[in-house]
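**Student:** Following is a predicted model, sequence given first.
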Amino acid sequence: MSRPRIRVLALALIVHPRRRAILVSSGYDPVAGVAFERLLGGGIDVGERAVDAVRRELREELGLDIVVEGRAGVLENLFNFEGRRGHEIAFVLQARFVDPAAYDREQLAGIEADPIDGHWRDLTADATIPLYPPGVDELAAHALDERSGPPS
């Protein structure tokens, strides 16, 4: 059995330019019987910077290129998934799609063998499905507030 370790991730916080929504993927823990949503992205390889990892992951997962605009924050996630403990440190990077047509699609189909599909999570709706890692909703709200600028 492998020794537990902390996983370091790079996740993309992509805000829809015309809606109060962010790009997420759906997940399900069959042991706990819980559905959830999370930002797209994945593990950072040794010697790889977080910005390069998140670009690579989105290209691998969706076949789409992104521009990283900055770091939204760093989140720590202690969790249980499929009956096992997990621990992640996630660099959450604010990004946008290079191709603006990507925002016109409700679903962004994954292209990997085990595809991760993306969809827009409306942040104004009453969310009953948890969003991971914890703290993403606050980072997203801050990004949305910055986008709208000060009140006029």
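**Tutor:** That came in fine, so what should we check first?

**Student:** roughly how far apart are the residue nearest the centre of the chain and residue 136?
**Tutor:** Nearest to the centroid of the C-alpha atoms of the chain, with distances taken as C-alpha atoms, centre = their mean, sits residue 39, at 1.4 Å. Here the criterion is C-beta to C-beta, to the nearest Å. By it, residue 39 lies 6 Å from residue 136. Placement of C-beta: from N, CA and C, glycine included.

**Student:** Please apply the same query to residue 22.
**Tutor:** Residue 22 is 8 Å from residue 136, by C-beta to C-beta.

**Student:** now residue 60
**Tutor:** From residue 60 to residue 136 the distance is 21 Å (C-beta to C-beta).

**Student:** So for those two, which sits in the more crowded spot?
**Tutor:** Set residue 60 next to residue 136 and count neighbours by other C-beta atoms under 10 Å: residue 136 wins out with 24 against 13.

**Student:** I figured that one hits residue 14, correct?
**Tutor:** No: using C-beta atoms under 8 Å, residue 136 is not in contact with residue 14; the gap is 11.7 Å.

**Student:** Need the residues touching each of these two.
**Tutor:** Residues touching both residue 136 and residue 14 (C-beta atoms under 8 Å, 6 or more residues apart in numbering): residue 22.

**Student:** Would you mind checking which helix or strand in the chain has the lowest mean pLDDT?
**Tutor:** Least confident helix or strand, the chain: helix 136-148 with a mean of 86, by mean pLDDT, DSSP states H and E.

**Student:** Need the CA coordinates for it. PDB is fine.
**Tutor:** What follows is helix 136-148, C-alpha atoms only, in PDB (Å, rounded to 0.1, in the frame of the first residue of the first chain):
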ATOM      1  CA  VAL A 136     -13.400  28.500  -4.100                       C
ATOM      2  CA  ASP A 137     -16.800  30.200  -3.800                       C
ATOM      3  CA  GLU A 138     -15.100  33.100  -1.900                       C
ATOM      4  CA  LEU A 139     -12.400  33.400  -4.500                       C
ATOM      5  CA  ALA A 140     -14.900  33.300  -7.300                       C
ATOM      6  CA  ALA A 141     -17.100  36.000  -5.600                       C
ATOM      7  CA  HIS A 142     -14.000  38.200  -5.300                       C
ATOM      8  CA  ALA A 143     -13.100  37.700  -8.900                       C
ATOM      9  CA  LEU A 144     -16.700  38.600 -10.000                       C
ATOM     10  CA  ASP A 145     -16.700  41.700  -7.800                       C
ATOM     11  CA  GLU A 146     -13.400  42.800  -9.300                       C
ATOM     12  CA  ARG A 147     -14.700  42.200 -12.800                       C
ATOM     13  CA  SER A 148     -17.800  44.400 -12.200                       C
END
